[in-house]
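Asker: Next come a sequence and a model predicted from it.
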Amino acid sequence: MTGPIMREQAAFVVELEKFSGPLDLLLHLIKEDEVDITDLPIAKIADQFLAVIQDLGLNQAADYLEMAARLLRIKAQMLLPRRLGDDEWEDPRAELVRRLLEYQQIRELVDWLGHAADVRAERFGRGYEAPPPDAPPAPLQIDLNDLLGAAERVISLIPEPMLHRVVPRPLDVEGATAKITALLAAREQFGWSDIVGRGATIVDVLSAFIALLEFAKRGLVTLAQPEPFGPMVITRATPREAA
Amino acid sequence: MQPLAKLLEAALFAASRPLTLEELASLDPTAGEHAVRAALAALRSAYAEDHGVELTEIAEGWQFLTRREYAETIERAQFALRPRRLSPAALETLAIIAYRQPVGRLEVDEIRGVDSGAVMDKLVERGLIEVVTRGEGLGRPLLYGTTPPFLEILGLKDLEDLPRLEELSVALRRPTPVDEPE
């Protein structure tokens, strides 16, 4: 979904995940084209922006789409006829240019701060303590009904729990792994029910669970359960996201 | 070395965080602030060379820190580990808050062009930013500022250590008319 695409004029690779937002992507396009930021060729940049976001999966679709709409509006405004030497004419790009310059300044500060942090990280203070591990989850505040309810929800997904009959049914962990891999490629976040679906057999549930644990162990996903016995949230692990 | 300098050395050695001038001065009430400053300067030059640690002004205080050249060896032996690096999104957000503080979430979102709520929550959790006041506007929004740990992880003495905006290479180019909204 977020695979690299090649753009025709210059063979360079754009990965949307690399960008921290639409402004970052815009700055990247401007730099690639070596155009003057204060005299933005808006039609060209807008087309490139749309091409990139159309070809790539979007995790922050709203932010990028809002920018796309803004670019198209400016492009349209630029096409409106205006009288020569009209002093009253207000450049429709002005606000965008101001934001881009402001953002460019922030990016420069990011480089500065990142370097400062790197240098500082190479000096250890007295009384060094290992960074604290993530806080353990709060003790569960549950009663018997919660527990029973949760058990019921899981069991109800299994159409016929034939627990009495011993059938040699090997777990299909490979199958579940493939399914999770596909889900991971498509979405950043999904839930338990996306893996097993309704009408899963107990074998499916166990296979999926083992596969999921394996993913978590290898650090490919993070598992979270916002509330006791609530639905599990599976998130694609992105090391860059660690703040 | 003067007795006062030795006292400060002992205190700085014992402490696991930067000590402010005020804190250091409280060790010996008979010594004035001036004497403490002088002793610190003497201590710093005593450690300026021939030592594996150096006395550093950081986060509005003073602290002994190991010299940079030993970082890799110490880390390889796992006696100490470098903290995790901040993500670009976190650095962007910190940069905006550092320069605009006190600043609300909306303004950060505006400048970054993306929703910054989750990043800001994480920064609050790590103690790098905090709510400093509330704004006047609609709903009296929470306004954030940076904290001493922010200075500490960047190795800054105080906020004045941050580069001045006009020193950046991308100075806002004003002359072009496009540049002026309204």
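Answerer: Done, it's in. Residues are numbered from 1 along each chain as shown, chains lettered A, B, ... in the order given.
Asker: quick one: is the longest helix anywhere in chain A near chain B?
Answerer: In chain A, with assignment by DSSP state H, the single longest helix is helix A:94-121. Yes - counting by CB under 8 Å from any CB of the partner chain, chain B has neighbours in helix A:94-121: A:94-95, A:97-99, A:101-110, A:112-114, A:116-121. For every residue, glycine as well, the C-beta is placed using N, CA and C.
Asker: domains for chain B, by residue range?
Answerer: Following automatic domain parsing, chain B resolves into domains at B:3-76, B:88-167.
Asker: Name the stretch among those that sits most buried.
Answerer: Mean neighbour count (mean count of other CB atoms under 10 Å in any protein chain shown) peaks for domain B:88-167 among the domains of chain B, with a mean of 18.
Asker: Which secondary structure state does A:Ala216 sit in?
Answerer: Three-state call for A:Ala216 (DSSP: H, G, I helix; E, B strand; the rest coil): helix.
Asker: so what's it closest to, chain neighbours aside?
Answerer: Of all residues not flanking A:Ala216 in the chain, A:Leu223 sits nearest, at 5.3 Å (CB to CB, 6 or more residues apart in numbering or on different chains).
Asker: Could you pull up the residues touching the one you found?
Answerer: Contact analysis of A:Leu223 by CB atoms under 8 Å, 6 or more residues apart in numbering or on different chains lists A:Leu212, A:Ala216, A:Met232, A:Val233, A:Ile234, A:Thr235.
Asker: What is the nearest of these to chain B?
Answerer: Closest approach between these and chain B, by CB to the nearest CB: A:Thr235, at 11.8 Å.
Asker: Verify the stated contact: B:Ala31 with B:Ala25.
Answerer: Yes - counting by CB atoms under 8 Å, B:Ala31 does reach B:Ala25; the two are 6.9 Å apart.
Asker: give me the element residue 153 is part of.
Answerer: Let's take chain A. According to DSSP states H and E, A:Arg153 maps onto helix A:144-156.
Asker: my question was about chain B
Answerer: helix B:148-154.
Asker: Can you give the contact residues for that helix?
Answerer: The contact list for helix B:148-154 (CB under 8 Å, 6+ apart) reads A:113, A:116-117, A:120-121, B:17-18, B:58-60, B:83, B:86, B:94, B:98, B:126-129, B:157-159, B:161.
Asker: Restrict it to CA atoms and write it as PDB.
Answerer: C-alpha atoms of helix B:148-154 as PDB (Å, rounded to 0.1, in the frame of the first residue of the first chain):
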ATOM      1  CA  PRO B 148      13.800  21.500  32.500                       C
ATOM      2  CA  PRO B 149      14.000  17.900  31.300                       C
ATOM      3  CA  PHE B 150      13.600  19.300  27.800                       C
ATOM      4  CA  LEU B 151      16.700  21.400  28.300                       C
ATOM      5  CA  GLU B 152      18.400  18.400  29.900                       C
ATOM      6  CA  ILE B 153      17.900  16.000  27.000                       C
ATOM      7  CA  LEU B 154      19.100  18.600  24.500                       C
END
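Asker: Buried only: go through the residues of helix A:94-121 next to chain B for me.
Answerer: A:94, A:97-99, A:101, A:103-110, A:112-114, A:116-117, A:120-121 (16 or more other CB atoms under 10 Å in any protein chain shown).
Asker: measure the residue nearest to B:Leu91 when sequence neighbours are not counted to B:Ala90 for me?
Answerer: Spatial nearest neighbour of B:Leu91, excluding adjacent residues (CB to CB, 6+ apart): A:Val110 at 4.4 Å. A:Val110 sits 9 Å away from B:Ala90, going by CB to CB, to the nearest Å.
Asker: And for B:Glu125?
Answerer: 11 Å.
Asker: again with A:Gly199
Answerer: 43 Å.
Asker: Ok, A:Glu174 next?
Answerer: 38 Å.
Asker: and if you look at A:Arg126?
Answerer: Counting by CB to CB, the gap from A:Arg126 to B:Ala90 is 27 Å.
Asker: again, but for A:Lys179
Answerer: Using CB to CB, A:Lys179 is found at 33 Å from B:Ala90.
Asker: cool, A:Glu188 as well?
Answerer: Computed as CB to CB, the A:Glu188 to B:Ala90 distance reads 18 Å.
Asker: What pLDDT does the model give A:Glu108?
Answerer: According to the prediction, A:Glu108 has pLDDT 92.
Asker: isn't it right up against B:Leu168?
Answerer: Yes - look at A:Glu108 against B:Leu168 with CB under 8 Å: they come within range, at 5.0 Å.
Asker: confidence score at the closest residue to chain A within chain B?
Answerer: As assessed by CB to the nearest CB, chain A sits closest to B:Ser16 within chain B, at 2.5 Å. pLDDT for B:Ser16: 87.
Asker: Could you look up the SS state of it?
Answerer: Put simply, B:Ser16 is coil when judged by three-state DSSP.
Asker: ok, now how distant is it from A:Leu213?
Answerer: 38 Å.
Asker: now B:Val124
Answerer: 31 Å.
Asker: got it, and A:Ala224?
Answerer: On the measure of CB to CB, A:Ala224 and A:Leu213 end up 14 Å apart.
Asker: Name the residues linked to B:Leu142 by a beta bridge.
Answerer: Per DSSP bridges, the residues bridged to B:Leu142 are B:Arg134.
Asker: what's near enough to touch it?
Answerer: The neighbours of B:Leu142, taking CB under 8 Å, 6+ apart as the test, are B:Gly104, B:Arg105, B:Val131, B:Arg134, B:Gly135.
Asker: would you turn these into a markdown table with distance to B:Asp115?
Answerer: Formatted as a markdown table, those follow (distance: CB to CB, whole Å):
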| residue | distance to B:Asp115 |
| --- | --- |
| B:Gly104 | 13 |
| B:Arg105 | 9 |
| B:Val131 | 18 |
| B:Arg134 | 21 |
| B:Gly135 | 18 |
